[in-house]
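>>> fold the following.
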Amino acid sequence: MKIEQRRWTPQDGWKVVSTRDDMEAPQLVLFFAASDAMRDRDAVEALAAAWPGAHVLGCTTSGEICGTEVGDGTMVATAIHFEHSRVHTVYGRIDTAAVSAAAGKRLAGELPHEGLVHVMVLAEGLNVNGSELAAGLRAGLPPTVAVTGGLAGDGADFKHTSVYLDGQADDGGVALVGFYGERLRVGYGSLGGWDSFGPERVVTRSEGNELFELDGASALDLYKDYLGDHAAGLPASGLLFPLSLRGEGTDPGLVRTILAINEEAKSLVFAGDIPEGRYARLMKANVDRLIDGAHGAASASYEALGSSPPELAILISCVGRKLVLRQRVEEEPESVRDVLGPGAVLSGFYSYGEIAPFANSVKCELHNQTMTITTLTEH
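Numbering: from 1, shown residues only. Next up is the predicted model:
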């Protein structure tokens, strides 16, 4: 695997961050861009011009990761030449949350399944039901193939997200890249680091990803009571107080982030499903535990590769973590570097949701408020 990384800024345009003397034509270019930067079509199309023949895949973000640095208003592009592997891409649209599962299943079916090792997904972040998208992907893929990826971001504005693939760019876009090859190894890990607080409550009324009532009372009113002065900043301030969900028994539980509020219905719209009967509890940040979570995700993704050191790591972390960590945000990628070592190229973005399996599983799920890491290497 041979990798070149570039960064774009409004002041300097594209600059090479790292490359190899023997760099060859890449098959895949992954890029992550601030919303304003994505609208600079000349900057985006320059990637295709620089690496003709490569699939160019990217999305808008809530922050761009390049090595151990976190930027805003930039673009980060990572060109990958696979020496023993190949890739295949597909693109579609999700116009409403209701079609998320169908879109995921359809696109998964469009990928050739023979020799498929892993799938990465980038999806728009506002009108999608991420848990239904994950369910559709599971239904359309072989049961042994894992999926990792994330939902596009737009800072903390929640106004405009976009996914780009080979000249196609839509607010409702979703793209998959399938990885093929017996010599390709892929690892992944996803961990949070938030603390629960307040009483556990039962989800008594919900529809898909819209939550109306907890313990028979308005979910929006309850959130406002807990947030106090922060309530005026909803939905963005809700990123600081996600919701944990668990079912019965050994259910590992999930975390959900608010995407929107409905004052008329007194409801909250989340990035994924909020099933009735689940037990819900508010969460708050613990900065040191967030950083420990990034370290743990890196360790899990490394261990999954066995004895092979990672050559590339794609980091997808939640915008809520970035808002909490503030000036300490770069401690996340720094902790990942400590685990993966100096030889791994790090790239990624801050998202509106992360898609990955739980540990010791290939069943992908939507996560919120996690650091999700995908490591790749050829042997």
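>>> residue ranges in the chain under the pLDDT threshold?
Applying pLDDT under 70 to the chain picks out residues 248-252.
>>> centroid-nearest residue for it?
Gly150 (2.4 Å; C-alpha atoms, centre = their mean).
>>> a helix runs through it, doesn't it?
No - under DSSP: H, G, I helix; E, B strand; the rest coil, Gly150 sits outside any helix and is assigned strand.
>>> which strand residues bridge it?
Note on Gly150: beta-bridge partners Leu122, Glu354, judged by DSSP bridges.
>>> how far away is it from Ile314?
Going from Gly150 to Ile314 by C-beta to C-beta, to the nearest Å gives 9 Å. From N, CA and C alone the C-beta is placed, and that goes for glycine too.
>>> kindly report the same for His55.
15 Å.
>>> more crowded one of the two?
Comparing His55 with Ile314 by neighbour count (other C-beta atoms under 10 Å), the higher total belongs to Ile314, at 24 against 19.
>>> ok, residues contacting whichever strand or helix holds the more buried one?
Ile314 belongs to strand 312-318 when assigned by DSSP states H and E. With contact meaning C-beta atoms under 8 Å, 6 or more residues apart in numbering, strand 312-318 is reached by 1, 3, 30, 65, 78, 80, 120, 148-150, 239, 257, 294, 298, 301, 332-333, 336, 340, 344-354, 368-377.
>>> also stretch 32-52?
Residues from elsewhere that reach stretch 32-52 (C-beta under 8 Å, 6+ apart): 6, 8, 10, 13-14, 25-26, 29, 31, 54, 56, 58-61, 64-65, 71-77, 79, 154-155, 157, 160-162, 164, 166-167, 169, 347-349.
>>> could you export that stretch as PDB, CA atoms only?
Taking C-alpha atoms only, stretch 32-52 is exported to PDB below (Å, rounded to 0.1, in the frame of the first residue of the first chain):
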ATOM      1  CA  PHE A  32     -13.000  15.100   4.000                       C
ATOM      2  CA  ALA A  33     -14.000  18.800   3.600                       C
ATOM      3  CA  ALA A  34     -15.700  21.600   5.600                       C
ATOM      4  CA  SER A  35     -19.000  22.600   4.000                       C
ATOM      5  CA  ASP A  36     -17.700  25.900   2.600                       C
ATOM      6  CA  ALA A  37     -14.600  24.100   1.200                       C
ATOM      7  CA  MET A  38     -16.800  21.500  -0.500                       C
ATOM      8  CA  ARG A  39     -18.600  24.200  -2.400                       C
ATOM      9  CA  ASP A  40     -15.300  25.200  -4.000                       C
ATOM     10  CA  ARG A  41     -15.800  22.900  -6.900                       C
ATOM     11  CA  ASP A  42     -12.400  23.800  -8.400                       C
ATOM     12  CA  ALA A  43     -10.700  22.500  -5.300                       C
ATOM     13  CA  VAL A  44     -12.600  19.300  -5.300                       C
ATOM     14  CA  GLU A  45     -12.200  18.600  -9.000                       C
ATOM     15  CA  ALA A  46      -8.500  19.200  -8.700                       C
ATOM     16  CA  LEU A  47      -8.300  15.900  -6.900                       C
ATOM     17  CA  ALA A  48      -9.600  14.000 -10.000                       C
ATOM     18  CA  ALA A  49      -7.200  16.000 -12.100                       C
ATOM     19  CA  ALA A  50      -4.300  15.200  -9.900                       C
ATOM     20  CA  TRP A  51      -5.100  11.400  -9.800                       C
ATOM     21  CA  PRO A  52      -6.900  10.500 -13.000                       C
END
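>>> buried set for the longest strand anywhere in the chain?
Secondary structure of the chain read by DSSP state E shows that its longest strand is strand 195-207. By 16 or more other C-beta atoms under 10 Å, the buried positions in strand 195-207 come out as 196, 201, 203-206.
>>> pull up the pairing partners for that strand, direction included.
Counting by DSSP bridges, strand 195-207 is paired with strand 210-214 (antiparallel), strand 279-284 (antiparallel).
>>> so which of these is the most packed in?
The highest average neighbour count among these, using mean count of other C-beta atoms under 10 Å, belongs to strand 210-214 at a mean of 23.
>>> off-centre distance for the helix or strand following it?
Counting by DSSP H and E, the element after strand 210-214 in chain order, helix or strand, is strand 217-218. For strand 217-218, the separation from the chain centroid amounts to 31 Å (computed by C-alpha atoms, centre = their mean, to the nearest Å).
>>> quick check: bridge partners of Arg246?
When assigned by DSSP bridges, Arg246 has beta-bridge partners Tyr279.
>>> need the contact list for it.
Arg246 sits next to 252-254, 278-279 when contact means C-beta under 8 Å, 6+ apart.
>>> which of the residues you listed sits closest to Leu323?
Distance to Leu323 across those (C-beta to C-beta) is lowest for Leu254, with 20.1 Å.
>>> domain ranges for this structure?
Domain ranges of the chain: 2-191+288-378, 195-282, per automatic domain parsing.
>>> most tightly surrounded among the ones you listed?
The most buried one of those (mean count of other C-beta under 10 Å) is domain 2-191+288-378, showing a mean of 21.
>>> quick one: end-to-end distance for that one.
By C-alpha to C-alpha, to the nearest Å, the extent of domain 2-191+288-378 from end to end equals 10 Å.
>>> how about stretch 351-360?
So stretch 351-360: terminal residues 24 Å apart, C-alpha to C-alpha.
>>> got it, and stretch 63-78?
End to end - C-alpha to C-alpha - stretch 63-78 spans 16 Å.
>>> show the contacting residues for the residue located most distally from the centre of the chain.
Most distant from the centre of the chain: Gly216, at 32.5 Å, with distances by C-alpha atoms, centre = their mean. Contact analysis of Gly216 by C-beta under 8 Å, 6+ apart lists 204-205.
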